[in-house]
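Colleague: for reference, the sequence and a predicted model appear below.
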Amino acid sequence: MPLDALCLAAVREELSEKIVGSKIDKVQQPERDVIILSLRGHSFSLRLLLCAGSGDMRVHLTEHRFENPDSPPMFCMLLRKHIAGARIIEIKQPPAERVLEFVLEAPDAFGVSSRKHLIIELIARSANIILTDGDGIILDCLRRIGGELSDRRSVLPGMLYRFPPIQEGKIDPQTMDDDKWEMLYKARSGDMTVEKWLISTFSAFSPLICREIAWRAYGDCDFRIEAVVDEGEALRERFFEIINIANERMFEPWHILAADDMPRDFSYVNIKQYEDAFDVRREVSFSAMLDGHYTRVAQIARLRQRSSVILKTVKNAKDRVVRKLAAQQSDLEKTALRDSLRECGDIITANMHLMKKGQRVLIAPDFYAQGDSTREIILDPKKTPQQNAAKYYKDYTKAKTAEKFLKEQIASGLSEAEYIDSVLEAIARAEGDRDMDEIRRELVQTGYMMDKAPRGGKMRKPPASSPMLFESSSGMQIRAGRNNVQNDALTLKSAMRADVWLHAQKIHGSHVVISCEGQQPDDVTLYESAVIAAVYSEARSDGKISVDYTSVRNVKRQPGGRPGMVVYTGFKTIIVSPDVQLVERLRKL
């Protein structure tokens, strides 16, 4: 559900406790509708996400890492100019409105402290992020709206900011008392459900909450208002039950998840209408709930869409390799019968005096078998006995030669299948568009995809992303490759020979390198690095994973191998359990 006004009030309460007084350290705009504010306090650093997207508008703290564009958009640059270094002194919300106003104290061009207001409007089809000065004059906005020819509220630089117009005919439920309720209930229309009556009468309520009130009152989300027989007493009680939660600020973050653990909805009260159909889970905070509901799900959906063409190409390549291997394996099995070809040639040669041209079958004593058995040999009637014998000898020689080449081709095919599996694994753990771009370039380099350069020129090569960066509990730097090309660069180029290299044993995954700088890594660093290698491997869902580790000097490129394929010696093995939370805590980039 979109954030309704009461759920947004719960988010405002939580944010006020955590970030008021903090300083805006950085401003980023990784996507068209998303602003990220990096905040610093006396003993914490947090990231605040503001999103004005039409289907995913929201405000919350995030732990997700976004990729920034090569050059910041104009609105991002303006925000950096005006609010970088500003302190958040208050967060406001107009009554029953889906609008948050961040009151900031920022130095102006002369270093004098002044007020700024960063406002996010979470209103369907007109969501926006707006920056004003202390007098309410709009400095700029994410979406410029209106003008002389528009009948909508104008939101343009230089204009005085006005809050969105209040919904006509609707009442703020937090202003209700028993007398107002009785008056509204008596004036109700009888041709609608309880849910529709609540939605049409009150602002700040989402359809989910209206259905929940109906279910709590009458056990039916679609209960009709004309069927109420208790003068609306049960409805009144459940209505004020929800309002009291809001008035007393007793909000709780409840997440609604389907059987496959995919987020379906969320609320600030415990939702009971679904009974056992969905899992309704209480989260630790509203920010954690919204971050999981929107940010990670949106990232997965975006990556799935972006990776669909690449994934299809790689899977088609894997299917071709599997089919080719099956045919080669079948041919190899046939070569195992080559000795019988030579034996047939010998038997024909020994019985030529009994044969004549045009004969189709030779039945002769089989001197290669024990006892007095005979062998039936198929002949070509168009060939002489000598030619039939020569044909069997030739087929024997061909089969003998084919065995050698087939074994080489099967070994090559198995290596190719292993490489393709490593690409599929890299796609599965890609974290952003830049990762997918690097995988695509790798596939172009290895000949699996065509390089689509623009007509009349070369495609500009975007800057390569850096390996993932971690810091162990004892302060040592740990790096991990995101894909095969990065694994190659990290292990074979940038790592020092005395560094420690780790990799999940006999499965695809990231190359992990501990930057030792002349020191021996302690046991804690070694363990944490092994956990990183386990989490970023294809066996991350297993309970225990064996991780090999050795000095970088013992790791060599596999002869004739594709990107990321290495051989190593002198290794030891540590067994660890994947711990995603530990890895996220250690991660720096």
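Modeller: Sure thing, it's come through.
Colleague: now the residue lying farthest from the centre of the chain: how far from Pro385?
Modeller: In terms of distance from the mean C-alpha position of the chain, His353 ranks first, at 76.8 Å (C-alpha atoms, centre = their mean). Look at His353 and Pro385: by C-beta to C-beta, to the nearest Å, they are 9 Å apart. Yep, even glycine has a C-beta here, placed from its N, CA and C like the rest.
Colleague: repeat that for Tyr161.
Modeller: 104 Å.
Colleague: gap between the two ends of stretch 205-225?
Modeller: 17 Å (C-alpha to C-alpha, to the nearest Å).
Colleague: now do stretch 194-210
Modeller: OK, stretch 194-210 end separation, C-alpha to C-alpha: 8 Å.
Colleague: ok, now stretch 577-589?
Modeller: 22 Å.
Colleague: could you give the mean pLDDT of that stretch?
Modeller: For stretch 577-589, the mean per-residue pLDDT is 89.
Colleague: so which bits of it are buried?
Modeller: Buried residues in stretch 577-589, counting neighbours by 16 or more other C-beta atoms under 10 Å, are found at Pro578, Leu582, Val583, Leu586, Arg587.
Colleague: ok, residues contacting it?
Modeller: Residues outside stretch 577-589 that contact it (C-beta atoms under 8 Å, 6 or more residues apart in numbering): 63, 65, 466, 468-473, 478, 528, 531-532, 534-536, 539-545.
Colleague: one more time with 10 Å, if that's ok
Modeller: 63, 65, 465-473, 477-480, 504, 525, 527-537, 539-545, 576 (C-beta atoms under 10 Å, 6 or more residues apart in numbering).
Colleague: where do the strands sit along the stretch 451-589 of the chain?
Modeller: 468-471, 477-480, 500-504, 512-515, 545-551, 555-557, 566-568, 572-576 (DSSP state E, counting those that start in this stretch).
Colleague: low-confidence stretches in this structure?
Modeller: 1-2, 147-151, 260, 295-297, 299-300, 302, 452-464 (pLDDT under 70).
Colleague: next SSE downstream of the host helix or strand of Leu325?
Modeller: Secondary structure assignment for Leu325, by DSSP states H and E: helix 297-335. Next along the chain after helix 297-335, taking DSSP H and E as the criterion, comes helix 338-350.
Colleague: what does that next one rub up against?
Modeller: 335, 355, 362, 364-369, 374-379, 385-403.
Colleague: in helices, which of these fall?
Modeller: Taking DSSP state H, the ones among those that sit in helices are 335, 385-403.
Colleague: does the residue nearest to Leu142 when sequence neighbours are not counted belong to a helix, a strand or coil?
Modeller: Using C-beta to C-beta, 6 or more residues apart in numbering and skipping residues adjacent in sequence, the residue nearest Leu142 is Ile129, 4.2 Å away. Judged by DSSP: H, G, I helix; E, B strand; the rest coil, the three-state class of Ile129 is strand.
Colleague: which residues touch Ile129?
Modeller: 29, 33-35, 50-52, 57, 59, 75, 79, 118-121, 140-143.
Colleague: buried among those? Need that as a selection in PyMOL.
Modeller: Selection command for PyMOL covering only the buried members of those, criterion 16+ other C-beta under 10 Å:
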select buried, resi 29+33+34+35+50+51+52+57+59+75+79+118+119+120+121+140+141+142
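Colleague: tell me which stretches of the chain form helices.
Modeller: Under DSSP H, the chain gives helices at 5-19, 74-83, 178-186, 194-201, 207-218, 233-247, 286-290, 297-335, 338-350, 385-428, 433-445, 484-489, 523-535, 580-586.
Colleague: distance to Ile89 for those helices - can I get that in CSV?
Modeller: What follows is those, written out as CSV (distance: least, C-beta to C-beta, whole Å):
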stretch, distance to Ile89
helix 5-19, 11
helix 74-83, 12
helix 178-186, 35
helix 194-201, 36
helix 207-218, 31
helix 233-247, 25
helix 286-290, 20
helix 297-335, 31
helix 338-350, 87
helix 385-428, 44
helix 433-445, 36
helix 484-489, 43
helix 523-535, 39
helix 580-586, 30
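Colleague: which residue packs closest to Asn244, ignoring adjacent ones?
Modeller: Nearest one to Asn244, counting by C-beta to C-beta, 6+ apart, is Met250 at 7.7 Å.
Colleague: what separates the nearest residue to Pro365 once chain neighbours are set aside from Asp366, distance-wise?
Modeller: Of all residues not flanking Pro365 in the chain, Thr374 sits nearest, at 5.7 Å (C-beta to C-beta, 6+ apart). According to C-beta to C-beta, Thr374 stands 6 Å off from Asp366.
Colleague: look at these two and report which has more neighbours.
Modeller: Asp366 (17 against 12; other C-beta atoms under 10 Å).
Colleague: for the closest residue to that one other than its chain neighbours, what are its contacts?
Modeller: Using C-beta to C-beta, 6+ apart and skipping residues adjacent in sequence, the residue nearest Asp366 is Arg375, 3.9 Å away. By C-beta under 10 Å, 6+ apart, the contact list for Arg375 reads Ser340, Glu343, Cys344, Ile347, Leu362, Ile363, Ala364, Pro365, Asp366, Phe367, Tyr368, Ala369.
Colleague: quick one: which of these is most hemmed in?
Modeller: Cys344 (26 neighbours).
Colleague: ok, now how distant is that residue from Thr550?
Modeller: Relative to Thr550, Cys344 is positioned 54 Å away (C-beta to C-beta).
Colleague: isn't Thr550 up against Val500?
Modeller: Yes - Thr550 lies in contact with Val500 (C-beta atoms under 10 Å); the separation is 7.4 Å.
Colleague: more neighbours: which of those two?
Modeller: Val500 (21 against 17).
Colleague: who's in contact with the more buried one?
Modeller: Counted by C-beta under 10 Å, 6+ apart, Val500 has contacts 476, 478, 512-516, 520-521, 525-526, 529, 549-552.
Colleague: show me what it is bridged to.
Modeller: Counting by DSSP bridges, Val500 forms beta bridges with Ile514, Ser551.
Colleague: got it, and the one 4 residues further on?
Modeller: On the basis of DSSP bridges, Ala504 is bridged to Val547.
Colleague: what about it, neighbour count?
Modeller: 25.
Colleague: isn't it up against Ser529?
Modeller: No - taking C-beta under 10 Å as the definition, Ala504 is not a contact partner of Ser529, at 11.7 Å.
Colleague: joint contacts of these two?
Modeller: Val512, Val547, Val576.
Colleague: separation between the last one and Tyr527?
Modeller: For Val576, the distance to Tyr527 under the criterion C-beta to C-beta works out to 7 Å.
Colleague: quick one: which of the two has more around it?
Modeller: Val576 (21 against 17).
Colleague: does that one touch Asp548 like I think?
Modeller: No - if you go by C-beta under 10 Å, Val576 and Asp548 don't touch, sitting 11.7 Å apart.
Colleague: which residues are common contacts for the two?
Modeller: With C-beta under 10 Å, 6+ apart, Val576 and Asp548 have common neighbours Ala504, Ala530, Ala533.
Colleague: tell me the domain ranges of the chain?
Modeller: Domain assignment for the chain by automatic domain parsing gives 5-141, 332-417, 468-586.
Colleague: to Thr193, which of the ones you listed lies closest?
Modeller: Judged by C-beta to C-beta, the one of the domains of the chain that comes nearest to Thr193 is domain 5-141, at 20.7 Å.
Colleague: chain center to the closest one, what's the gap?
Modeller: The chain centre lies 25 Å from the centre of domain 5-141; the measure is C-alpha atoms, centre = their mean, to the nearest Å.
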